[in-house]
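Student: Quick one: sequence plus predicted model below, questions after.
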Amino acid sequence: MNLTLKVWRQNGPADTGRMVTYQVTDVSPDMSFLEMLDVLNERLILDGDDPVAFDHDCREGICGMCGMVIDGVAHGEQRATTTCQLHMRHFEDGATVTIEPWRAAPFPVIKDLVVDRSSFDRIIQAGGFISVPAGSAPDAHSVPVKKDDADDAFDAATCIGCGACVAACPNGSASLFTAAKITHLGLLPQGQPERASRAVAMVDQMDLEGFGGCTNTGECTAVCPKGISLDVITQMNRDYLRSPK
């Protein structure tokens, strides 16, 4: 496959940035999207140019590091797929592909396609810990959990914190991410002692970081690689409103 890439290049937060066009040839349909960028970077290095900076780690769709807007869609148009698991067979030979970083004020660009997502870390830190006895692991099934609650908690816990929800939201809201973190603990017995304070602290920190509010457009769940439902936002709002401020 031969492709034309239009890639966002930006030297740092203070740089205005620009789109740069590259030609990539002999791309295998079996390559992942990141492997295709590796091929581009190898050529740029050999030519003495600066390679395109992008985040990546496990390349197995579980760490949440990779993230870019591909042809205007966070992670690309393949549903429930991270950028590292997106394969080139989903693109047409001769296609022009536009690649940009996440766009949100709380995600400042570090370089090229790499953004600073430490605001997510601070939201999680605001949630604190859960009060459970330390020591040996408890016996299996010693704490009863309803099947529906366990399933919903597990679904919320699949959030990998990639930030696609923020990039896709017209308001730049982190509600889906924050709600997933609040919900997966709030539905389990171990998370009950701090349930109310956790919801308030994490929502307040989300607002403090400068994320926008949720208006239920649903773009976040549409691009979420783990398919997390908008139901978690409902749960977050319920916990927040019921908690003593």
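Tutor: That came in fine, so what should we check first?

Student: Going by C-alpha atoms from here, please, whenever you check contacts or count neighbours.
Tutor: Will do.

Student: Now do the same contact list for residue 184.
Tutor: 152-157 (Cα atoms under 8 Å, 6 or more residues apart in numbering).

Student: Save those as a markdown table, and put in pLDDT, secondary structure and neighbour count too.
Tutor: Shown next, in a markdown table, are those (pLDDT from 0 to 100; DSSP: H, G, I helix; E, B strand; the rest coil; neighbours: other Cα atoms under 10 Å):
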| residue | pLDDT | secondary structure | neighbour count |
| --- | --- | --- | --- |
| 152 | 96 | helix | 19 |
| 153 | 96 | helix | 21 |
| 154 | 96 | helix | 17 |
| 155 | 97 | helix | 18 |
| 156 | 97 | helix | 26 |
| 157 | 97 | helix | 17 |
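
Student: care to break the protein down by domain?
Tutor: Domain assignment of the chain by automatic domain parsing yields the ranges 3-111, 117-242.

Student: how far away is residue 212 from residue 169?
Tutor: Note on residue 212: its distance to residue 169, by Cα to Cα, to the nearest Å, is 9 Å.

Student: Give the residue from the two that has the larger number of neighbours.
Tutor: The residue with more neighbours, out of residue 212 and residue 169, is residue 169; 26 against 19, by other Cα atoms under 10 Å.

Student: Walking through the protein, point out its strands one by one.
Tutor: Using DSSP state E, the strands of the chain run over 3-9, 18-24, 69-70, 73-74, 96-100, 109-111, 114-115.

Student: what's the model's confidence in the fourth one, averaged?
Tutor: If I follow you right, that is strand 73-74. Taken as a whole, strand 73-74 carries a mean pLDDT of 98.

Student: Now do that strand: distance to the chain's middle.
Tutor: Strand 73-74 sits 11 Å away from the centroid of its parent chain (Cα atoms, centre = their mean, to the nearest Å).

Student: cool, the first one as well?
Tutor: Centroid separation between strand 3-9 and its chain, computed with Cα atoms, centre = their mean, is 22 Å.

Student: Number the residues from 14 up from this point.
Tutor: That works, and once the first residue is 14, the last one we named lands at strand 16-22.

Student: Partner strands of it, with direction?
Tutor: The strands beside strand 16-22 in its sheet (DSSP bridges) come out as strand 31-37 (antiparallel), strand 109-113 (parallel).

Student: Now that strand: average pLDDT?
Tutor: 98.

Student: got the CA positions of that strand in CSV?
Tutor: The C-alpha coordinates for strand 16-22 follow below in CSV (Å, rounded to 0.1, in the frame of the first residue of the first chain):
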residue,chain,number,x,y,z
LEU,A,16,-0.3,6.3,1.5
THR,A,17,-0.2,10.1,1.9
LEU,A,18,0.1,11.1,5.5
LYS,A,19,-0.8,14.6,6.8
VAL,A,20,0.8,14.6,10.3
TRP,A,21,0.6,17.3,12.9
ARG,A,22,4.1,18.5,13.9
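
Student: Contacts for that strand, please.
Tutor: For strand 16-22, using Cα under 8 Å, 6+ apart, the contacting residues are 30-38, 40, 65, 106-114, 124-126.

Student: What of the fifth one?
Tutor: Outside strand 109-113, the residues that touch it by Cα under 8 Å, 6+ apart are 16-21, 81-85, 126.

Student: Closest one of those to residue 96?
Tutor: Using Cα to Cα, residue 81 comes nearest to residue 96 of those, at 7.1 Å.

Student: pLDDT below threshold where in this structure?
Tutor: Scanning the chain for pLDDT under 70 picks out the ranges 258.

Student: what's the closest non-adjacent residue to the spatially most central residue of the chain?
Tutor: Against the mean C-alpha coordinate of the chain, by Cα atoms, centre = their mean, the closest residue is residue 175 at 1.8 Å. Counting by Cα to Cα, 6 or more residues apart in numbering, residue 175 lies nearest to residue 77, which is 4.2 Å off, once chain neighbours are set aside.
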